[in-house]
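>>> Let me see the structure of the following:
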Amino acid sequence: MTSTREERVDNALQSLLERLVPSQLSDESEAQADQRWDEANELARDLIDAGPDPSLAEDVNHAADRIKRRLLRDTSDPERAARFGGLYSRLLAQPVLGQKWGILWFLERVAEYVEVGEGGGAVGGKGEEHGEEDEEGVFDEAFARNGLPRMQRANGLENPKQAPLKDRPISGRPRAQQTPEVETVPEQTFEKKEPSEAALLRDLPFTLQGLSSTNLSFSDTSSLKLPTTLPVPLIALLHTLAEPSLLYRSLSDFVESSDGGLVGQSLRSAIGQELRSYLGLVATLEGQIRRALAQLDDGLPQGGLGKAGVTLKRCVVWTREATLGLRLMSIIVESAKGKKGGELISLIHNLATSHGDMFVYTFAERLIGNITRPFYNMLRAWIYDGELEDPHTEFFVSENADFEDSGATSVWDNKYLLKEEMIPSIVTPDFAQRVYLIGKSLNFIRYGCHDGAWVESYSKDTSRELKYGDTANLSQSIDEAYKTVMAQLIWLMETKFALAEHLSALKKYLLLGQGDFIALLMESLATNLDRPANSQYRHTLTAQLEHAIRNSNAQFDSADVLRRLDARMLELSHGEIGWDVFTLEYRIDSPLDVIVTPWASKQYLKIFNFLWRVKRVEFALSTTWRRVQTGARGVLSAVGDKVGVDWKTARLGLARMVHFVNQLQYYILFEVIEASWSGLQKTIKNPASGTLTLDTLIGAHTAYLRSITRKGLLGGAGGVDFTAQLHELLKLMLAYKDVVDGLYSFSVAEFTKRQEMAAKIENRTRAGRWGLTDADDFTSSPSFPSTTGRGTRAAKTGESLTDSPIPALLPYNSAGNGAESEKTILEGLRSRLVSLEVDFKARVNVLLGDLAYQPDVDMRFLGVVMNFNGVYSPVRKRRQQQQHRGEKDKTVVPGTSSKAVAVEAKG
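Numbering: from 1, shown residues only. Down below sits the predicted model:
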């Protein structure tokens, strides 16, 4: 092992000296050249045997810095220092070289002896300029990518068993004409080589171009057939040269193909440009080979190829960098299969940014500059014209193939899609989102708002060329385009299409914000809506709507707003009356329907129907309350001895229900709708992103409606169905109102009967007869209506009351005794009043119990306001279910008045 290592060190030193020291100068004799060679050999051996100073630390970076400073100090060309930096990086990348610091130390010592000279003059007497050129060649070879020849690690130069280099025989100086002894073996080897190296060199340019030749032929697209008579060293060299040849053939096929989109074609063009550069290198190499072959001397070994300066080994060195480029392009082509557009750009960009090799980085940057041109052309058309010029779907914005134009909402939401997987890594997701919004807004302005003239003017004034690497200008262009386009779109919505005016109209008419209009409309429609739904006519409703508009402040709204307002009937069902199917409609057309979407229109309809029911109950209870309060001074006071207690109970129940409805209306109209409207206005004026966009408007309007439906007890907040609870309470209050109307009719009938009896007594007294006789006790009661209130409406319309949770009024028995009939009717009214009031309180207790546990503070506050005096005892619904199983629970909800008494809830 030691002798083998010694031989390798000798061979390496011999090779280094042959490259560093000229064989024979033109002005010296053979003896002088031999002497110079021996001196240089002895100097190198002495340096190696002496080794570095043990006190010196083995710091590779320090040694490299010393050499770089020497190059900068001794030469006026800074490129030599830069070239040394590249060679030093390649030296560090060689894992087989363990003594990197020793190599640099040795070369630095050689440079010192060359400058200072030992024994007078430079080493070997060579000139300074010639020495520098040879030294540079030494650096090139020493720091080549493949490094020095591989040697097995031994114990090192300091191994005591290894003889010093100066004690070993010195190899002779290489000569142009070698002695017969030295030539014997090579001559025999050269005679055995078929074909010769010169013939292989003659065929090499064709092979590098992917063309078959006499000695080197391509059996197929992926293999090259080599001669079988060549020695192993030449076969190894040809293997190395076969790689660029095969890579070139495969890359040429890729360039000539036509698959893929615009970015793929740009990749082909960029690779084709690199291949043309490679062919330029092949052409240069071919010229060198031709000149070398023209200088061949048959009298010399191998025809004097080494002296001519062109060999297969040197061709390997010259094509090494080109081979790396071809290899890298082949990797890119293989990785690009199945990718297009942004995916392909991301592939090349990641190769440039995530690879540490400067060669790979530079090559990838050169490629990406060419292949991104189609992408930036598509980007320019999208952000300046709002047009998608993407025939091969390579852009990260694509047109939806399933799109069906059904209004501005569908155009804005569904016409174009953002494909996140196609966003190239050269842009950020936020940047891509902005680009998507800019183009979509321009397209919407052109086709949705019909303002194509502004888009054309904008494109003409602001359009500029976009290219890779110009990050500052690109970011500035996107920011300016984003602000300009968004401002124009919002301006169109606010001025040309009067967005704020229509949103305010929706709030006034569908959310009952215009109180005088709603009150007048309800009063004028009350008689009609009491009739069955199938007897309602569109022209009647429209006439009443026009009447309400002309006699309220709604008449001062713009004609466009009033034109959109209309009254219509919902889908009819059996047994429904006009109140159940009547609704108002506010028509929204394009492009405003991008904000007031079909979903939003349904939400407005849902809110209006609920508020209309609450308003109807409030109107009915107020009407009955006015009648009762008016009658209390006349009719009702006359029959107080018989129904006075009943009327006290009825008035208390009415007052409780009126308070409940008024608090509910106040909460929804002011605490919910007005607060949400204020939040909507604030978002529109001061958006969180700083720039008001159409998406911001859509999101703010959607949040506005969701807040109303959630806080307005129209959604299932916390798993509780408040809507169903409120509807049942409203039905119960209407039934209670009907019973009160029945009691009022009974009181009026009793008052009439008493008036008739008083008149009869007065007439009999004037006639000289008894005012009352025994027969009067058995006379039938005066005529009394058989049905009252809601019963009257049902009798006229044929409406069934089976949909109400309240049992029907007890019918009068006209065939029985009058006194008994009156008693039966009065007892029925009393029992209905009591049962309805108890049921109302139980349902309100459940509602307040659910409100007390809501996360929203306003909803909890509603429960507190409704039970400000502790008259109710809120309970949880789950407690009610336990009571249904027979477990009586008398738990009071925390936070209620201490005066509240637990009530047993019904199952």
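
>>> going forward, measure contacts between C-alpha atoms and count neighbours the same way
OK.

>>> mind listing the helices for the stretch 351-500 of the chain?
Here the stretch 351-500 of the chain has its helices, by DSSP state H, counting those that start in this stretch, at 358-371, 373-385, 408-414, 429-447, 452-462, 471-491, 499-509.

>>> mean pLDDT lowest for which of these?
Sorting the helices of the stretch 351-500 of the chain by mean pLDDT places helix 408-414 lowest, at a mean of 72.

>>> Tabulate the helices of the stretch 351-500 of the chain (a markdown table), appending distance to F751 and mean neighbour count.
Listed next are these as a markdown table, based on distance: least, Cα to Cα, whole Å; neighbours: other Cα atoms under 10 Å:
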| stretch | distance to F751 | mean neighbour count |
| --- | --- | --- |
| helix 358-371 | 99 | 18 |
| helix 373-385 | 83 | 21 |
| helix 408-414 | 64 | 18 |
| helix 429-447 | 72 | 20 |
| helix 452-462 | 78 | 14 |
| helix 471-491 | 68 | 16 |
| helix 499-509 | 44 | 18 |
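
>>> so E28, which of the three states?
coil (DSSP: H, G, I helix; E, B strand; the rest coil).

>>> ok, now which ones touch it?
Listed by Cα atoms under 8 Å, 6 or more residues apart in numbering, the contact set of E28 is empty.

>>> Could you measure from it over to F582?
In this view, E28 and F582 are 121 Å apart by Cα to Cα, to the nearest Å.

>>> Quick check: which of the helices of the stretch 351-500 of the chain is nearest to S524?
Comparing the helices of the stretch 351-500 of the chain against S524 with Cα to Cα, the closest turns out to be helix 499-509 (16.1 Å).

>>> and the angle for that closest one with helix 471-491?
40 degrees (axes from the mean of the first three to the mean of the last three Cα atoms, to 10 degrees).

>>> Name the next helix or strand following helix 499-509 along the chain.
helix 515-529 (DSSP states H and E).

>>> Mind listing what's buried along that next one?
D516, F517, I518, A519, L520, L521, M522, S524, L525, A526, N528, L529 (16 or more other Cα atoms under 10 Å).

>>> Which residue is the nearest non-sequential neighbour of the third one?
When you say that, I think you mean I518. Spatial nearest neighbour of I518, chain neighbours left out: L512 (6.5 Å); criterion: Cα to Cα, 6 or more residues apart in numbering.

>>> isn't the one you found right next to F610, touching?
No: assessed by Cα atoms under 8 Å, L512 is found out of contact with F610, at 10.7 Å.

>>> Any regions of the stretch 1-150 of the chain where pLDDT drops low?
Confidence mapping of the stretch 1-150 of the chain against pLDDT under 70 gives the ranges 1-5, 51, 53-57, 75-77, 96, 113-150.

>>> For whatever helix or strand Q32 lives in, enumerate the helices and strands it packs against.
Per DSSP H and E: Q32 is located in helix 30-50. Where contact means 3 or more Cα pairs under 8 Å, 6 or more residues apart in numbering; DSSP states H and E, helix 30-50 is packed against helix 100-116.

>>> The helix it packs on to helix 30-50, inter-axis angle?
Going by the same axes, to 10 degrees, helix 100-116 makes 140 degrees with helix 30-50.

>>> what does helix 100-116 contact?
44, 47-48, 52, 58-60, 63-64, 67, 91-92, 121-123.

>>> then it to PDB, C-alphas only?
What follows is helix 100-116 as a C-alpha-only set of coordinates in PDB (Å, rounded to 0.1, in the frame of the first residue of the first chain):
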ATOM      1  CA  LYS A 100      -6.900  20.800   1.000                       C
ATOM      2  CA  TRP A 101      -5.000  23.200   3.300                       C
ATOM      3  CA  GLY A 102      -1.700  21.400   2.400                       C
ATOM      4  CA  ILE A 103      -2.500  21.800  -1.300                       C
ATOM      5  CA  LEU A 104      -3.000  25.600  -0.900                       C
ATOM      6  CA  TRP A 105       0.100  25.900   1.300                       C
ATOM      7  CA  PHE A 106       2.200  24.100  -1.300                       C
ATOM      8  CA  LEU A 107       1.000  26.200  -4.200                       C
ATOM      9  CA  GLU A 108       1.600  29.400  -2.200                       C
ATOM     10  CA  ARG A 109       5.100  28.300  -1.400                       C
ATOM     11  CA  VAL A 110       5.800  27.500  -5.100                       C
ATOM     12  CA  ALA A 111       4.500  31.000  -6.000                       C
ATOM     13  CA  GLU A 112       6.900  32.500  -3.400                       C
ATOM     14  CA  TYR A 113       9.900  30.700  -4.800                       C
ATOM     15  CA  VAL A 114       8.900  31.700  -8.300                       C
ATOM     16  CA  GLU A 115       8.900  35.400  -7.300                       C
ATOM     17  CA  VAL A 116      11.900  35.400  -5.000                       C
END
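
>>> ok, back up a step: so which of the helices of the stretch 351-500 of the chain is nearest T691?
helix 471-491 (7.0 Å).

>>> What angle do helix 452-462 and the closest one make with each other?
Going by the same axes, to 10 degrees, helix 471-491 makes 160 degrees with helix 452-462.

>>> Show me how far helix 471-491 is from its chain's centre.
Its chain's C-alpha centre and that of helix 471-491 lie 20 Å apart, by Cα atoms, centre = their mean, to the nearest Å.

>>> Give the other helices and strands that it contacts.
When contacts are defined as 3+ Cα pairs under 8 Å, 6+ apart, helix 471-491 packs onto helix 373-385, helix 429-447, helix 694-711.
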